[in-house]
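Visitor: with the sequence up front, the predicted model follows.
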Amino acid sequence: MKIVAVCGSPRKGNTEFILKRVLTQAEKSEINTDLILLRNQRIEFCDGCLSCDSSFVCNKRDDMQMVCSKLEDADLIIFGSPTYFDNVTGMMKNFIDRLNIYVENKKLRDKKVAIINVGQDISVNNKVVKYFELLPGCLEFVIVGDLSLIAKDYQDIENDNEKIAKIDEFTKNIIGQN
């Protein structure tokens, strides 16, 4: 089994900590993992040319080709983003826009996906989860779980044993579905 986690945080903080914790726990079960930090990737903006609808390839030449290859090889993809203005971060939104190549080529069809979200208010976090829940309609992946945690400072979660226990339980649940 292979898990690929995509972190949409522009800084090293709670979202990255959670994703690393999930992947470390998964590795204990002999699962291969990969963490993609979007902040370290050069991913250009989608310009809406729609050439990918017929060619199934984006004409942009950046790090997205490498990221897409990893997504296609994964058995489970985990999207992680903090909440910014009631939604995912700009870099996560840009990344999701570039997934347009999968609307027609269907290479992510039935791919299992989990969502991790961190924010200051659970009702706002729920908006991010709802955003991700709209994506299966066009990308045809299957959401197998979501985890939303509250954090105000960038190390809140790693210093909270109760939240770490929730992360570990979430990990067991999503791994058990594969």
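Guide: Now that the structure is in, tell me what you want to look at. Residues are numbered from 1 along each chain as shown.
Visitor: what's the single longest helix in this protein?
Guide: Taking DSSP state H as the criterion, the chain has its longest helix at helix 161-176.
Visitor: local confidence estimate at the residue lying farthest from the centre of the chain?
Guide: Going by CA atoms, centre = their mean, the residue of the chain most distant from its centre is S54, 26.0 Å out. S54 carries a pLDDT value of 87.
Visitor: just to revisit the earlier point, report all helices and strands that the longest helix of the chain contacts.
Guide: Counting by 3 or more CB pairs under 8 Å, 6 or more residues apart in numbering; DSSP states H and E, the packing neighbours recorded for helix 161-176 are helix 14-27, strand 76-82, strand 112-119, strand 142-150. No exception for glycine: its C-beta is placed from N, CA and C like everyone else's.
Visitor: next one: the helix or strand bottoming out on mean pLDDT in the chain to chain centre, how far?
Guide: Sorting the helices and strands of the chain by mean pLDDT, DSSP states H and E puts helix 122-134 at the bottom, at a mean of 79. Taking CA atoms, centre = their mean, to the nearest Å, one finds the center of helix 122-134 at 13 Å from the center of the full chain.
Visitor: same thing with stretch 48-68?
Guide: Distance of stretch 48-68 from its chain centroid, counting by CA atoms, centre = their mean, is 19 Å.
Visitor: which residues are contacting it?
Guide: If you take CB atoms under 8 Å, 6 or more residues apart in numbering as the criterion, stretch 48-68 is touched by 6, 36, 41-44, 46-47, 95, 98, 100-101, 103-105.
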